[in-house]
Each structure stands twice: as structure tokens, then as C-alpha cells.
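Engineer: Got a sequence here, can you build the structure:
(one chain, ligands or ions: 1)
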Amino acid sequence: PVLVVDFGAQYAQLIARRVREAGVYSEIVPHAVTAEEIAARRPAGIVLSGGPSSVYEDGAPALDPGILELGVPVLGICYGFQVMAQQLGGTVAHTGRREYGSTAVRLADAQDAPLVAGQPAEQVVWMSHGDSVSAAPDGFQVLASSESTPVAAFANDERRMYGVQWHPEVKHSVHGQEVIERFLHDAAGIGADWNPGNVIAEQVERIRAQVGDARVICGLSGGVDSAVAAALVQRAVGDRLTCVFVDHGLLREGEAEQVERDYVAATGVNLVVVDAADTFLSALEGVSDPETKRKIIGREFIRAFERAASDVVAQAQEEGGKVGFLVQGTLYPDVVESGGGSGTANIKSHHNVGGLPEDLEFALVEPLRTLFKDEVRAIGRELGLPEVIVGRQPFPGPGLGIRIVGSITRDRLATLRRADAIVREELSAAGWDDEIWQCPVVLLADVRSVGVQGDGRTYGHPIVLRPVSSEDAMTADWTRLPYDLLAKVSNRITNEVAEVNRVVLDVTSKPPGTIEWE
Ligand code: XMP
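Structural biologist: Numbering: from 1, shown residues only. Predicted structure coming up:
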């Protein structure tokens, strides 16, 4: 692999993705990694990421100097570039001057130089730094400079060491991906032969080796991750996988069918559907406090899953088999953010599923642990999963239950479900699916307003549209949907959905608003 040394998580993840987009498998390692640990991984290349610090700060993240002696090709980016400059004997000047945002750099006359070969002499890159490299280490060629940075990129072809002050992983750096590709393919000589598709064969082998002849259980949520994880495991172990889908009655229109019909048709997986709507709705009766709703839904979900899991275990025992594994759709960003903990964990400590009964102890199968979301989608498509599942936008576990402001009833759910379906239909038809992160549709069941329809007065409920744009749901902005589209959605909802006589648009960013209303 190519190892990305992490000096600040969000940068490292983006770099790892860009390296993979160049057809090279990459993984992230913490900056405290030692030279021996790196050597043991036999990397084909090392990328030092950017980070928020200054090399002069107390406690600034350091790098084991032995790493630069391994003879492995290295690309330093931003902070990584400065760490490299400092360790190799160059000078990093503490200028106190910041360079931030789109910046022009000028390539030295050596345009056939490594990293930047064939690129325009003047180009726009994304910068974000305080300190600057003022002198390159001995033996290094200066490749570029900017107005406030005399050494904005350097190279030593003989030692196969390179660095750029800017962020080539950011799209604002117009030729950024080329820099990454030149480093990987030319300087480090790594071929472009990795893609998410060839993860399938590798994972299938791995799952078989892990599971042996035991049986496996998987909870499906209707979302992308669990669907793809289960499909991979199903490829590996076939009928020895049983999936459990808990229908809590808080799903959107068509979602249960997508799992029960389309997903099963595509994969042939053994599916147990638990119709728990009655149980959930009676437990939720009269409850309007958001946190109480969430707690009840969480508790009932665990109970329903446990019951179904126990049945699967009992049936396996009857047939002389044993359920030993539980599939989880954990993704690479979760692994990196939680410190990259190792392999199998005991299910009882795992928050995604909650507490299973004492006597059920499963080891985890997590076939997506090394993958990013877009790669998971690509694999899902390769496995032939339905687009409605693979392309699905995020939807909260508690479902429509936290999109009814007020208590939850079947009628209110039906109202919201219809309005939500209209919104999804119109956004898709207008081509907005890839532009927005998600668009919660909220029913204000505790609010009524006066309206007029036909020749009568109405006294109905408002529907709130909450279209948001986001990278990771941590922050978000409201999406500027075209007025014509909003008008069409509003018309359709007020005409087609009884009880709704007003449609309003939420124009709050996050923060201060959250994406969901509850
Ligand atoms: P908020 O409302 O916190 O939402 O800005 C951030 C993202 O998380 C989703 N969300 C949830 N997902 N279980 C989930 O699986 C939940 O309880 C839950 N609450 C919020 C929300 O849809 C958004 O994408």
C-alpha cells in the first residue's frame, strides 16, 4: 500500500481517497508511527499529510526521522512538507504570515521536473499555512514558488523525495490530482491497478477464511452500508448468512419493499423480516419529547433484533450449526476516527447494535472497514444491488419518528410519508440527488395554521423542507434549490396530501441548526 501519515485527520482521509482514485490502495497511519512499523508494512510510497500545527509549536506532531531513511518514495504535503524540509536540513521560517485559500504559484523553469511535468508555469493552488520553507535541503531542486513562499515545492529525484506546500488533494488546486499521480506513477513507479471492484474477490476470500463453516447474521437497516456488507458476506458464505430487517413502522414510502423485494431479488439472501410496527407505535403512543422518542425507538429496536437473532440461533442449533459471527457495515472513516482499533470486538461493547443477550457472543465481520463511502457504493453497484439502495442518501435510524414534531400516530406517519415521497420524487426528477446531502421533510403535527382551499377554510399542518448540502453532516448549509422546483413541490404537497395546507423552507445552516429537527 501507500501509507498516508496522519498529521490531522480530515486532510489525511482526503489524501487517502485521492491516492485510491489514482488506482493505488492507500491506508492511513498515525504520525506517531515508527520507522520499523512502516517498514513492516512494506509500503510502495509514503505521503505525509497536512495538519493544523506549526513545526515550531510545543507538542507539534513529529515524525520518526528514520522514516525518511527507509528508501521509500515520500511526498510531503503542507505541514508534511515542512516536517520533511526541517528533518532533511532545510529551513522553515516562522514568518507569522499566513497564506490561505486560492493562491497563484509559479513553477521554476524546470517544467519537465518530476511532480509538475507538463503543467502550466502559472497555476492556482489551495494553500493553508503560516510557516514557510525558506531554503530547501541540500540536494533538493526548488520546483515552485509563490509570492510569500520562496520554496513552494521541491524534489530530489535520486532519493525519490518530494514535497509541495499546497494541498494537491483539494479540488481548488487545479492540477492537484496530477501532482499526486505523477508522484505515485512516475516517481514511485506504482501502477494504477487498484479499484473498489477488485476488493470484492479479496474480501470474499477473507470472509471465508474468517468464518470457516460457522453461520453469520446481519442486521439490515435499508441503508447503503449494511446492504453492501451483507451482499459481500452473502457472496462469501451464501446460505449460511441470515439477514434480519426490523420494520419499525417509521420507514419511508417503499423502503420496506426495497429491502424485502428488490434487495432479495438482487442477492438471493436469506431474509427474516420482523414486522414490529405495532410494538413500536404502542410504545411511542403520546410521546412527543424528542429524546424520549429516540430512547424508546432504540430500546425497541434492540429488543426486536435480539428476539429475531435468538430465533436464528435456535434454528441453527436445531440444524446442527452454530451462529458465530455478526456483520457490521463499519466504514474506514469510523475506524480512523476511533483510533483504528484492531479486528474483532465483543458485540456487547459495540454501540451500533447495543446489548445482545449474555449468551449470544458473536465475533464481528466488517468487510467495509478499509473503505470510503463512495467506494462502498461502487462495490454495491458492482454486486448488482438496486440503485435505490446503493444511491440512498442518509436517513436516521429512528426514521420518520423524529420528523414528526409532536406525538406519533399512524395517520401522521401516513401524511408525512406521502409528503416525503413527493419531495424525493421531484428532487430526483430535477436532478438534485447528487447535489444535496439529504432533504429531511418534517411534519409539524403540533402546529396548525389557517388556509383556504377550493371554497373552504382549512386548518391544517405545515410541512417543512430541509434540503442541506454537506461533506460529512458535521456542518451543513441549506441548499439553494430553484424557486420553480420549490413551487412545484409546494403545489403538489398542498394538493395531494390531506391535512397539509402550508409548505415552508428551512433556511438555517448547521450550526446553529442541526440537520434533523429532533
Ligand atoms: P443532525 O440532526 O445531528 O444529523 O445534524 C446529522 C446526520 O445524522 C443523521 N442522524 C441520525 N442517523 N441515527 C442515525 O443513524 C440517528 O439517531 C440519527 N440522528 C440524526 C441525520 O439524518 C444527518 O444525516
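Engineer: Okay, now the unreliable bits of the stretch 201-350 of the chain?
Structural biologist: Residues of the stretch 201-350 of the chain meeting the criterion pLDDT under 70: 338-350.
Engineer: Which one of the residues in it is closest to the ligand?
Structural biologist: residue 294 (6.1 Å; C-beta to the nearest ligand atom). Any C-beta I mention is one placed from the backbone N, CA and C, and that applies to glycine too.
Engineer: What about residue 417, how many residues nearby?
Structural biologist: 21 (other C-beta atoms under 10 Å).
Engineer: surely it meets residue 255?
Structural biologist: No. Taking contacts as C-beta atoms under 8 Å, residue 417 lies outside contact range of residue 255: 9.6 Å.
Engineer: residue boundaries of the strands in the stretch 201-350 of the chain?
Structural biologist: 215-220, 241-247, 270-275, 323-327 (DSSP state E, counting those that start in this stretch).
Engineer: Make JSON lines from those and add distance to residue 231 to it.
Structural biologist: Shown next, in JSON lines, are these (distance: least, C-beta to C-beta, whole Å):
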{"stretch": "strand 215-220", "distance to residue 231": "10"}
{"stretch": "strand 241-247", "distance to residue 231": "10"}
{"stretch": "strand 270-275", "distance to residue 231": "12"}
{"stretch": "strand 323-327", "distance to residue 231": "10"}
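Engineer: Tell me the spacing between the residue lying closest to residue 230 once chain neighbours are set aside and residue 61.
Structural biologist: Spatial nearest neighbour of residue 230, excluding adjacent residues (C-beta to C-beta, 6 or more residues apart in numbering): residue 218 at 4.4 Å. Residue 218 is 38 Å from residue 61, where distance means C-beta to C-beta, to the nearest Å.
Engineer: Tell me which of those two has more neighbours.
Structural biologist: Between residue 218 and residue 61, residue 218 has the larger neighbour count (other C-beta under 10 Å), namely 25 against 20.
Engineer: Just list the residues touching that one, thanks.
Structural biologist: By C-beta atoms under 8 Å, 6 or more residues apart in numbering, the contact set of residue 218 is 226, 229-230, 233, 241-244, 326-327.
Engineer: Same question for residue 470.
Structural biologist: Taking C-beta under 8 Å, 6+ apart as the test, what residue 470 contacts is 437, 476-477, 510, 515.
Engineer: Sort out which of those are buried, if you could.
Structural biologist: Among those, those buried by neighbour count (16 or more other C-beta atoms under 10 Å) are 437, 476, 510, 515.
Engineer: what two of the residues you listed have the greatest distance between them?
Structural biologist: Comparing all pairs in the buried ones among the contacts of residue 470 by C-beta to C-beta, the longest separation belongs to 437 and 510, at 10.2 Å.
Engineer: what touches both of those two?
Structural biologist: Common neighbours of residue 437 and residue 510 (C-beta under 8 Å, 6+ apart) are 468, 470, 476.
Engineer: where does this protein have low pLDDT?
Structural biologist: 9-10, 110-111, 338-360.
Engineer: residues in it within reach of the ligand, list them.
Structural biologist: By C-beta under 6 Å from any ligand atom, the residues of the chain that approach the ligand are 394, 396-398, 438, 473, 510, 514-516.
Engineer: Return the member of those nearest to residue 109.
Structural biologist: residue 473 (45.8 Å).
Engineer: ok, residue 157 touching residue 112?
Structural biologist: No. The criterion here is C-beta under 8 Å, and residue 157 misses it with residue 112 at 11.4 Å.
Engineer: Name the residue in these two with the higher neighbour count.
Structural biologist: More crowded of residue 157 and residue 112, by other C-beta under 10 Å: residue 157, with 15 against 8.
Engineer: For that one, which residues are in contact?
Structural biologist: Taking C-beta under 8 Å, 6+ apart as the test, what residue 157 contacts is 114, 141, 187.
Engineer: do residue 203 as well
Structural biologist: 232, 236, 367.
Engineer: returning to what we had before: of the strands of the stretch 201-350 of the chain, which is nearest residue 105?
Structural biologist: strand 323-327 (47.2 Å).
Engineer: what is the orientation angle of that closest one with strand 241-247?
Structural biologist: 60 degrees (axes from the mean of the first three to the mean of the last three C-alpha atoms, to 10 degrees).
Engineer: All further residue positions should be reported with the first residue as 130.
Structural biologist: Sure, I'll start numbering at 130, so the last one becomes strand 452-456.
Engineer: to the chain's geometric centre, what's the distance from strand 452-456?
Structural biologist: How far strand 452-456 lies from its chain's middle: 24 Å, per C-alpha atoms, centre = their mean, to the nearest Å.
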